[in-house]
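Q: Fold the following for me, if possible:
(chains A, B, C and D)
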Number of protein chains: 2
Amino acid sequence: MKSPAGELPQYLLIKAQLQARIQNGALKSGDKLPSERELCAIFNTTRVTVRESLAMLESSGAIYRADRRGWFVTPARLWLDPTQNTNFHRLCLEQGREPKTALLDGRVTTVPLDVMAPLALQPFDQIYLLTRLRYADGRAVCYCENHCLPARVPELLRHDLNGSLTEIYQTHYGLIYTSMHLTFYPTSMPPQAAEALGVMEGRPALLLRRLNYDQHGRILDFDIEYWRHDSLRIEVDTH
Amino acid sequence: MKSPAGELPQYLLIKAQLQARIQNGALKSGDKLPSERELCAIFNTTRVTVRESLAMLESSGAIYRADRRGWFVTPARLWLDPTQNTNFHRLCLEQGREPKTALLDGRVTTVPLDVMAPLALQPFDQIYLLTRLRYADGRAVCYCENHCLPARVPELLRHDLNGSLTEIYQTHYGLIYTSMHLTFYPTSMPPQAAEALGVMEGRPALLLRRLNYDQHGRILDFDIEYWRHDSLRIEVDTH
DNA sequence: AAGTGGTCTAGACCACCGT
DNA sequence: CGGTGGTCTAGACCACTTT
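A: Model prediction:
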């Protein structure tokens, strides 16, 4: 049963068959796949091989795993145009998805090293660090760290930080997100993001860093976001 | 030697140790890692476990595999600002990398279904399809399909297509890339791209689709690019 | 308690790479 | 040709979820 020359390896055949069942609608968004041991029986092979197929479908974004509960068909991606000034909640609603943001932690802390340079701060300067988790239709899709400047938004922690930061900035401080510098690339989940999102450490992720400016051209804050690699699509329109 | 409760699994420890050797410079960009069997001996474990660690470092982009030749430390990422109108060759040179583009195939063909809508064409319309491979410092990083409109660039195939399309457009047709609509997201390598890039089918990739407009606001062409997921970083500046 | 995925062992054969 | 990674077998125990 080894893969003979000129033929596809077994795990690619299994992958193709599962993929077909997703594309033809036999398996729908959110559906659970058969258990790994059932798949072994169906395809007459071992778990190592089945899991190779599943891992591959996972990297394509077609399926995902929920720790120890099984494999599921991935819902459609959210999409984001970084040149539009929108926020997560509006984004979701426009795309017919139900948004939720949960504040995991909000504190004053000394600026982390990798954030110091973008924010043009000195060592030991203090910042607000908000750690938040974003959901679309109840599924955690994004682990988010906001690094905010006390000079811009004093007493930030007094407000309800479970909603839109954009609105708090505007309502309470008269600050408007106006432009930004955005960097992103595929990488893997660091431990903290992995734990919060309920995915396994080291799984693929989309890392997104955002330096925001206000309407006066001053630096406002710096975000680090880890998105599930299967949950976001970026669209940019240049004019 | 099973991972006891409260401890990290073995493959994460191995991953961390290899990562440390890369970050502290013991392993440099382009270096080959010890063979899988050597790593088994070093860490006193089996290939399945070692390969789990390697696969994880691969998804983070820290290392890559060259088919049957071993594992290597990944060179720095190229970066791209899609709102700038640049091209691959200029991009590389500005970043101190040596660019190369190889034409794999150039032909007239009927428009593929997934390209018909963006290009606003009808079924059975003809297009030029260029298949090209892009290298940075001799390493294949991008598999690229250009779908060009004969109405805009008649006799396109007569030109030397191993260089910059931008220049051919401008020099021979007076057409200038002016704006674009860009979509991208992480996914996995389809068979054709995988073969051309010398990576394994199903490995992670960054898919980039680009609809280009000329200086008159007319649709110019449509590109589909599969980048190695470890070779590109996107930077966007909004003003 | 039964079943799931997560981790791991200890082998095997193959195709392909470099020498 | 010897060594490499690519693929695969046939098991095992664990932590955790679900029933």
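
Q: pLDDT (mean, whole number) over stretch A:36-46?
A: Across stretch A:36-46, pLDDT averages out at 93.

Q: go on, stretch A:102-120?
A: 95.

Q: okay, that stretch in CSV with CA atoms only?
A: C-alpha atoms of stretch A:102-120 as CSV (Å, rounded to 0.1, in the frame of the first residue of the first chain):
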residue,chain,number,x,y,z
ALA,A,102,-13.9,40.2,24.9
LEU,A,103,-11.4,42.1,27.0
LEU,A,104,-8.9,39.6,28.4
ASP,A,105,-6.7,42.1,30.2
GLY,A,106,-6.2,45.8,30.5
ARG,A,107,-3.2,47.2,32.4
VAL,A,108,-0.5,49.8,32.6
THR,A,109,2.9,48.4,31.8
THR,A,110,6.3,49.3,30.6
VAL,A,111,6.6,49.3,26.8
PRO,A,112,7.7,46.0,25.3
LEU,A,113,10.9,46.2,23.3
ASP,A,114,9.4,45.4,19.9
VAL,A,115,6.8,48.1,20.4
MET,A,116,9.1,50.8,21.7
ALA,A,117,10.5,51.7,18.3
PRO,A,118,7.3,52.0,16.4
LEU,A,119,5.7,54.1,19.1
ALA,A,120,8.8,56.3,19.3
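
Q: what's in contact with it?
A: The contact list for stretch A:102-120, computed with CB atoms under 8 Å, 6 or more residues apart in numbering or on different chains, reads A:121-135, A:147, A:149-150, A:156-157, A:161-162, A:196, A:209, A:211, A:219, A:221-222, A:224. C-beta coordinates here come from the backbone N, C-alpha and C atoms, glycine included.

Q: Quick check: buried residues in that stretch?
A: Buried residues in stretch A:102-120, defined by neighbour count with 16 or more other CB atoms under 10 Å in any protein chain shown: A:106, A:111, A:115-116, A:118-119.

Q: Report the distance from that stretch to the chain centre.
A: Relative to its chain's centre, stretch A:102-120 lies at 19 Å (CA atoms, centre = their mean, to the nearest Å).

Q: near DNA strand C, which residues of chain A?
A: A:2, A:4-5, A:33, A:35-38, A:47-48, A:51, A:65, A:67-71, A:200 (CB under 7 Å from any atom of the strand).

Q: per-domain residue ranges of chain A.
A: Domain segmentation of chain A under automatic domain parsing yields A:10-73, A:78-234.

Q: what about the last one and DNA strand D, any contact?
A: No - under the criterion of CB under 7 Å from any atom of the strand, DNA strand D is not reached by domain A:78-234; the shortest gap measures 8.9 Å.

Q: how about the helices in chain A?
A: A:10-23, A:36-43, A:47-60, A:88-94, A:113-119, A:165-173, A:191-197 (DSSP state H).

Q: which one of those is the most hemmed in?
A: helix A:47-60 (a mean of 20; mean count of other CB atoms under 10 Å in any protein chain shown).

Q: Summarise which helices and strands it is packed against.
A: helix A:10-23, helix A:36-43, strand A:63-66, helix B:47-60, strand B:179-188 (3 or more CB pairs under 8 Å, 6 or more residues apart in numbering or on different chains; DSSP states H and E).

Q: Tell me if the fourth one is near DNA strand D.
A: Yes - legend: contact between helix B:47-60 and DNA strand D by CB under 7 Å from any atom of the strand is shown at B:47-48, B:51.

Q: As a markdown table, the residues you listed with distance to A:Ala16 would be great.
A: What follows is the residues of helix B:47-60 next to DNA strand D, written out as a markdown table (distance: CB to CB, whole Å):
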| residue | distance to A:Ala16 |
| --- | --- |
| B:Arg47 | 26 |
| B:Val48 | 24 |
| B:Arg51 | 22 |
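
Q: ok, so of those residues, who is nearest B:Met189?
A: Each of the residues of helix B:47-60 next to DNA strand D was checked against B:Met189 using CB to CB; the closest is B:Arg51, at 18.5 Å.
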